[in-house]
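Student: My questions concern the predicted model and sequence given below.
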Amino acid sequence: MSDISIGSQQPDSSLDDDTIQVINFGVTLADLQSAVSNASTSADNAEDSANAASTSEIKAQAWAENPEDVSVESGKYSSFHWSEKAKAYVAEINGLSVVVTTLSEGSLATSSYNSGTGVLTLGIPKGDQGIQGIQGIQGQSVDHVSLTSGSGSAGTIDTYTVWGDSGESINLGSFQVLNGPVGPQGDRGLQGAVGPAGPTGPQGVQGPIGPQGDNGMTPTYEFSYNSVTGDLEYTFIGYTADYTNPVEEI
């Protein structure tokens, strides 16, 4: 092995194999020491990163799960907090009822909300009087409706025309009617009450004179006064023929 002093320079040709191996080993050891130092630094960095990751994980969990009204940072809350608030808002809206009051013209609109009862009260003023609209065109009245075609028979269609005047010069349109089948005859109704008597008819013409009849028989009575009872008494005598007053022709 060659004797080489520290700091001296020797040409490669003057170095034997053992000396070269020692020199090469010294270079490799330096590199190894450098690698160990770098590894230690990387380990420290990894630990810092792990600690930072752990902190981030805890913070991420806080942003996700912190209870309602518990802030993650000053004035900032978790997703869970806002989901609970949203549920409360939805429940409040679902239970909302509205009361509307009409206010006088010119008043300002008002609103109030009672969170305890869930009642929204609105005050709506009347609108101002609108301007007079333009006059509409003169309308056309219906004068009558007449059958234009059809017989009214069951199962057929009749057409009717709507007229705006009696002379049927203003045609307002037409419509059709399907005639249904004739229904069965209904039961006989109850007899109605007797109506009032009609007025007496005019005097009829005088009939012809009949033939003269036989002379009649006149009954004969005898009358007397009963002084005891005060009654007028009579006794039937019989019939006698009356020839003194024959029937005269009328």
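Tutor: Okay, I see it. What you are looking at is a predicted structure, and each value in this text was computed from that prediction instead of being measured.
Student: Is Val98 bridged to anything, and to what?
Tutor: Val98 has these beta-bridge partners by DSSP bridges: Leu120.
Student: which ones are touching it?
Tutor: For Val98, the contact set (C-beta atoms under 8 Å, 6 or more residues apart in numbering) comprises Val119, Leu120, Thr121, Leu122. Every C-beta, even on glycine, is put in place using the N, C-alpha and C of the backbone.
Student: Please spell out which residues along stretch 116-125 are buried.
Tutor: With burial defined by 16 or more other C-beta atoms under 10 Å, not one residue of stretch 116-125 is counted as buried.
Student: ignore the last one, stretch 157-171
Tutor: Quick answer for stretch 157-171 (16+ other C-beta under 10 Å): Asp158, Thr161, Val162, Trp163, Gly164.
Student: what's the farthest-apart pair in the residues you listed?
Tutor: Using C-beta to C-beta, the pair of those lying farthest apart is Asp158 and Gly164, separated by 20.5 Å.
Student: Read off the pLDDT value for Asn171.
Tutor: Per-residue pLDDT puts Asn171 at 93.
Student: Isn't it up against Thr161?
Tutor: Yes: at 6.4 Å, Asn171 counts as touching Thr161 under the criterion of C-beta atoms under 8 Å.
Student: Let me see the contact set for the spatially closest residue to Asn226 that is not a sequence neighbour.
Tutor: Spatial nearest neighbour of Asn226, excluding adjacent residues (C-beta to C-beta, 6 or more residues apart in numbering): Glu233 at 5.4 Å. Residues in contact with Glu233 (C-beta under 8 Å, 6+ apart) are Phe223, Ser224, Tyr225, Asn226.
Student: What's the end-to-end length of stretch 196-211?
Tutor: 40 Å (C-alpha to C-alpha, to the nearest Å).
Student: before we move on, the earlier item: Glu57: which of the contacts of Val98 is nearest?
Tutor: For the contacts of Val98, the nearest to Glu57 is Leu120 (44.3 Å; C-beta to C-beta).
Student: quick one: that closest one and Met217, what's the gap?
Tutor: 116 Å (C-beta to C-beta, to the nearest Å).
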